[in-house]
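>>> okay, here's the prediction I keep looking at, along with the sequence it came from:
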Amino acid sequence: MSDIAFASATQLAEKIRNKEISALELLDLYLDRVDRYNPDLNALVVDIRDDARAAAQEMDAAVSRGESLGPFHGVPMTVKESYNVTGTPTTWGNPEWAENIAKEDAESIKKLKSSGVNIFGKTNVPLSLADFQSYNDVYGTTNNPYDHSRVPGGSSGGSAAALAAGLTGIETGSDIGGSIRNPAHFCGIFGHKPTYNLLWMRGHAPPGDVRSSSDISVIGPMARSAADLDTALRVMAGPDEIMARGYSLNLPDWQGRSLNDLKVAVWRNDEMAPVASEVEARVNGVGEALKSAGASVDFDARPDFNPDHSHDTYQNLLQATMAMRMPDEDYEGLKAYVDSLDPNDQSTGAKVLRAQVSSFKDWGAANELRHHLRWAWHEFFKSWDVMITPIMAVPAFEHDHRKFGERTVLVDNQERPYFEQVFWAGLTGVAYLPSTVIPTGLTDAGLPIGIQIVGPEYTDLITIGVAGELERLGYDFTPPPAYMD
């Protein structure tokens, strides 16, 4: 039965439609795997199986009547803990929010339920969704299913681990600094960071009825196939209720195109945030595979801006946004500390702290620079359809729960700053670009490596479409051996 557990959501829904398996039988299959594997993995942290089993029975009754609830009819699903799901805690890994019980589903969860998914649990995150690892004092530590001594990524680490281990049919995460993309890379699955504001984020927020969208941050699907990303994005995308008065969705589609007319740029590495040789080789390999399949590929083409400038702009906007999540008392203490810094201190740490408490004038200046970057990318993509880049420097690294300032990442035997690799996420995130991560297979040590496919704004279905073409060329999901019985 492990083959079914690792099938795509698209395949699972087809099996239910064809009555090869019932929604209840499929749910029970995943629940059995959760009971066997999750105690050591700790990917699922909220369990609502009783409600899900009742829902599965209703879904099977609908199949018997010849009715369909949507493209994912009956597919068991878990969601990132940071989404509101009625009757469940939404803590963001913060013990102070342990009693925050959602009274209503997030808007994206409503849309997913309308497509027929059956949500049976929620998956783990780091504190405040702010780490490449997924551990917190509410739920504990999530492990990587390919090696329990290593991280699954963050902040959608529980989501990626559950998918890779065959504990769920499909997932959805969120991303401001690679939080969909780095877990997809570390766990060998597919993940999509959408164009900014393409998916309505209401209900994915800390406690309180927050209706605004956080800068840079997006929500998006995670899966074991590109087809699932395509369907889930179509289900979840669209303007909010106010915008819908005058805007409607009209995304360019990959369907009808082939790799023969695709123009691809490849950014293999950068001295701003060096990646390991084995990661660079995978980026290069994807570029060569596309070239062999008929695409026009250039390994030197770049948008017209300095990577350092892009990263500085991203960091200034990111740090200000992340600081909004701080308790008021902590924020005031941070402001007092920043005021005490030597004005001549231009170290990386000092710059980060100043960005966290930046004035609106400073934020506005950074925002202006961001829009210059957007237009630089826009001009670049007049000549190129997509760009291939790394997303992280190395495969999954070992758990490291030391203070942030004490952590490093070993890149080809050289210690590099822990958060340096947010460069590859921020390169596209700051400019609102869609980015799809695909698996490229396992290393000699049995660990996944992913790469990202980036496109111009609103070409989400194009980057996902290219991911699908690469999947057919062999860049597909490889289950972790320990979970295949």
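Sure, I can see it.
>>> how much space between residue 47 and residue 321?
Residue 47 sits 32 Å away from residue 321, going by Cβ to Cβ, to the nearest Å. Where C-beta positions appear, they are placed from N, C-alpha and C, glycine not excepted.
>>> and the pLDDT for the one residue sitting closest to the centre of the chain?
Closest to where the C-alpha atoms of the chain average out (Cα atoms, centre = their mean) is residue 180, at 1.1 Å. Per-residue confidence (pLDDT) for residue 180: 98.
>>> list phi and psi for it.
Backbone geometry at residue 180, expressed as degrees, to the nearest 10, gives phi -90, psi -40.
>>> quick thing: my sequence starts at 56, can you match it?
In the new count, where the first residue is 56, that last one comes out as residue 235.
>>> isn't it right next to residue 492, touching?
Yes - contact criterion Cβ atoms under 8 Å: residue 235 and residue 492 qualify, at 7.4 Å.
>>> who's residue 195 bridged to?
Assessed by DSSP bridges, residue 195 has beta-bridge partners residue 191.
>>> just give me the neighbour total for it.
Other residues lying near residue 195 total 12 when counted by other Cβ atoms under 10 Å.
>>> ok, now which ones touch it?
97, 100, 179 (Cβ atoms under 8 Å, 6 or more residues apart in numbering).
>>> again, only this time at 10 Å
97, 100, 179, 189 (Cβ atoms under 10 Å, 6 or more residues apart in numbering).
>>> sec struct for the second one, please.
Counting by DSSP: H, G, I helix; E, B strand; the rest coil, the backbone at residue 100 sits in strand.
>>> how about it, what does it touch?
93, 133, 136, 144, 146, 148, 176-180, 189, 191, 193-195, 197, 213.
>>> where's the residue nearest to the centre of the chain relative to residue 276, distance?
Computed as Cβ to Cβ, the residue 235 to residue 276 distance reads 8 Å.
>>> also residue 282?
11 Å.
>>> swap in residue 209?
17 Å.
>>> comparing residue 282 and residue 276, which shows the higher neighbour count?
Between residue 282 and residue 276, residue 276 has the larger neighbour count (other Cβ under 10 Å), namely 29 against 18.
>>> who touches the more buried one in this structure?
For residue 276, the contact set (Cβ under 10 Å, 6+ apart) comprises 64, 163, 167, 214, 225-228, 235, 245-249, 254, 283-291, 519.
>>> same check, this time on residue 290
So residue 290 contacts 125-127, 163, 166-172, 254, 276 (Cβ under 10 Å, 6+ apart).
>>> now the buried members of those residues.
Buried residues within these, defined by neighbour count using 16 or more other Cβ atoms under 10 Å: 125, 126, 127, 163, 166, 167, 168, 170, 171, 172, 254, 276.
>>> out of the residues you listed, list just those in strands.
In this view, the buried ones among the contacts of residue 290 that belong to strands under DSSP state E are residue 276.
>>> how about the buried ones among the contacts of residue 290 in a markdown table, adding pLDDT?
Below are those laid out as a markdown table (pLDDT from 0 to 100):
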| residue | pLDDT |
| --- | --- |
| 125 | 97 |
| 126 | 98 |
| 127 | 98 |
| 163 | 98 |
| 166 | 98 |
| 167 | 98 |
| 168 | 98 |
| 170 | 98 |
| 171 | 98 |
| 172 | 98 |
| 254 | 98 |
| 276 | 99 |
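>>> hmm, residue 104 and residue 86 touching each other?
Yes - Residue 86 lies in contact with residue 104 (Cβ atoms under 10 Å); the separation is 5.6 Å.
>>> can you list residues touching both of these two?
131, 175, 176.
>>> most neighbours of all these, which one?
residue 131 leads the shared contacts of residue 86 and residue 104 on contacts (other Cβ under 10 Å) with 29 neighbours.
>>> thought that residue was touching residue 218?
No - here residue 131 lies out of contact with residue 218, judged by Cβ under 10 Å, at a distance of 11.7 Å.
>>> pull the most distant pair out of the contacts of residue 290.
Greatest spacing in the contacts of residue 290, by Cβ to Cβ: 171 and 254 (18.3 Å).
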